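**Q** One predicted model, sequence on top.
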Amino acid sequence: MAKANHKTGKRQYHLVTIGPREVETHGLGTGFWSDLYHRSMTVYWPVFFGSAAAIFVLLNAFFAFIYWLGDNPIANVADNLPLPLSLFYFSIETLATVGYGDMHPQTNYGHIVATVEIFTGMSFLAVMTGLIFARFSRPRARFVFARHPVVTTYQGEPTLMIRVANARHDTISQATARLWLFRLENTKEREQFRRYYELKLERSEHPMFSLSWTLLHVIDKASAFYGLTADDFAASEGALILNVSGVDDNSAQRLYARQIYSRQDIRWQHRYRDITSLSAKGRLVLDYTKFHEVVAEET
C-alpha cells in the first residue's frame with residue numbers, strides 16, 4: 001500500500017494505492033509535520049540518509065552564519081581558508097561534539113552559540129540514533145506469495161488456493177493465515193457499501209513454516225465465494241487480502257506480511273504447477289522457479 005499527497009487547484013488530497021486500486025481522500029490533515037516520525041520510519045533508505053545529510057549541512061551552515069554575525073567569536077581561525085568555510089568546519093566539529101582544539105570560542109557570544117549548537121547536536125544525534133535503530137530492528141518477513149490465486153477442483157470440491165513460501169528457509173513458529181474477501185454490495189435502499197468476509201481456510205495454522213504452504217478455502221454453501229463466477233467477481237470489484245504472521249525462531253520476533261489480489265489476478269479453472277520432485281539421491285526437491293506458474297485445469 002502506497003500513499004502520496006497531491007493538490008488539485010487549491011485543494012489538497014491524499015492518494016492511497018491499495019493493490020491496483022487508487023483512492024483519493026479529502027479533508028484529512030496530511031501535512032508534512034503532522035506525522036514526521038511515521039514518514040521517517042517508512043521512507044526509503046536513500047531518501048532517509050539523503051534527508052539526514054541535508055539537515056546536517058543546513059544546520060551547520062545556519063550556525064556558521066550565526067558565528068559570522070559576531071565580532072571574532074572564534075580563535076585560531078585558519079588564514080588559508082575563507083572565513084565562512086572555516087566557521088562552517090568549526091560548526092561541524094561543535095555540532096558533532098568532536099572538538100579538535102584548533103579552533104575554540106573566545107568570546108561570550110561564541111560560547112553562547114557553541115552551547116546552543118552542542119545541545120542541538122546532541123539532540124540531533126539522539127534522534128538519528130533512535131530512528132536508525134528502530135529501522136534496523138524492525139522485523140521484516142520474507143514471504144513469497146504466488147502471483148495468482150487459483151480456483152480449481154480439490155478432493156471433488158471447488159477450492160480457492162493460494163501458495164506461500166518462506167524465502168529465508170528458517171523456521172516460523174505459530175504461523176497463522178487469514179484470508180478475506182472484499183467486494184461491493186448494494187442494499188435494498190440502493191446504497192453501495194464495500195463489505196468484507198473472512199474466507200475460512202482448511203488449515204489456517206502451520207506449526208513449522210519453513211518452506212512452502214498452500215492455503216485452501218473450500219467453496220461450499222457457507223462460503224462468501226459460493227456461486228461466484230469470474231464476471232460476478234469483476235462486477236463487484238472483488239479483491240482478496242491475505243495476512244500471514246508468525247514468530248521467527250532466530251530473532252524471537254513476530255513477523256507480518258500482507259498480499260492483496262485484485263480481480264485480474266485470480267485464475268479460474270486453473271491449478272498450480274507442481275514444484276516438488278525427487279533428486280537422484282532420493283531427496284525432496286522444491287523448484288521455486290515454477291512457484292508462480294499455473295496451468296489450465298483439465299476438463
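**A** Yes, it's here. Numbering: from 1, shown residues only.
**Q** for this structure, longest strand please?
**A** Using DSSP state E to define each element, the chain has its longest strand at strand 172-186.
**Q** tell me the mean pLDDT for that one?
**A** Average pLDDT, strand 172-186: 92.
**Q** Tell me which residues of that strand come out buried.
**A** Within strand 172-186, the residues that count as buried by 16 or more other C-beta atoms under 10 Å are 172, 175, 177, 179, 181-183. From N, CA and C alone the C-beta is placed, and that goes for glycine too.
**Q** again, but for stretch 240-251
**A** Within stretch 240-251, the residues scored as buried using 16+ other C-beta under 10 Å are 240-242, 244-248.
**Q** Which of the residues you listed sits closest to residue 51?
**A** Nearest to residue 51 among the buried residues of stretch 240-251, counting by C-beta to C-beta, is residue 248 at 30.0 Å.
**Q** beta partners for residue 177?
**A** Counting by DSSP bridges, residue 177 is bridged to residue 244.
**Q** my guess is it meets residue 164, correct?
**A** Yes: if you go by C-beta atoms under 8 Å, residue 177 and residue 164 touch, sitting 7.4 Å apart.
**Q** joint contacts of those two?
**A** Counting by C-beta atoms under 8 Å, 6 or more residues apart in numbering, the residues touching both residue 177 and residue 164 are 213, 215, 242, 244.
**Q** so who does the second one touch?
**A** This points to residue 215. Contacts of residue 215 by C-beta under 8 Å, 6+ apart are 161-164, 177, 179, 201-204, 242.
**Q** now the first one
**A** Counting by C-beta under 8 Å, 6+ apart, residue 213 touches 163-166, 175, 177, 206.
**Q** partners of it in the sheet?
**A** Beta-bridge partners for residue 213, by DSSP bridges, are residue 164.
**Q** Just the CA atoms of stretch 214-223, as PDB, please.
**A** C-alpha atoms of stretch 214-223 as PDB (Å, rounded to 0.1, in the frame of the first residue of the first chain):
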ATOM      1  CA  THR A 214      -0.600 -23.900   0.100                       C
ATOM      2  CA  LEU A 215      -3.700 -22.300   1.600                       C
ATOM      3  CA  LEU A 216      -7.000 -23.900   0.800                       C
ATOM      4  CA  HIS A 217     -10.500 -22.500   1.000                       C
ATOM      5  CA  VAL A 218     -13.300 -24.900   0.100                       C
ATOM      6  CA  ILE A 219     -16.100 -23.000  -1.800                       C
ATOM      7  CA  ASP A 220     -19.100 -24.600  -0.200                       C
ATOM      8  CA  LYS A 221     -22.600 -23.100   0.600                       C
ATOM      9  CA  ALA A 222     -21.200 -21.400   3.700                       C
ATOM     10  CA  SER A 223     -18.500 -19.600   1.700                       C
END
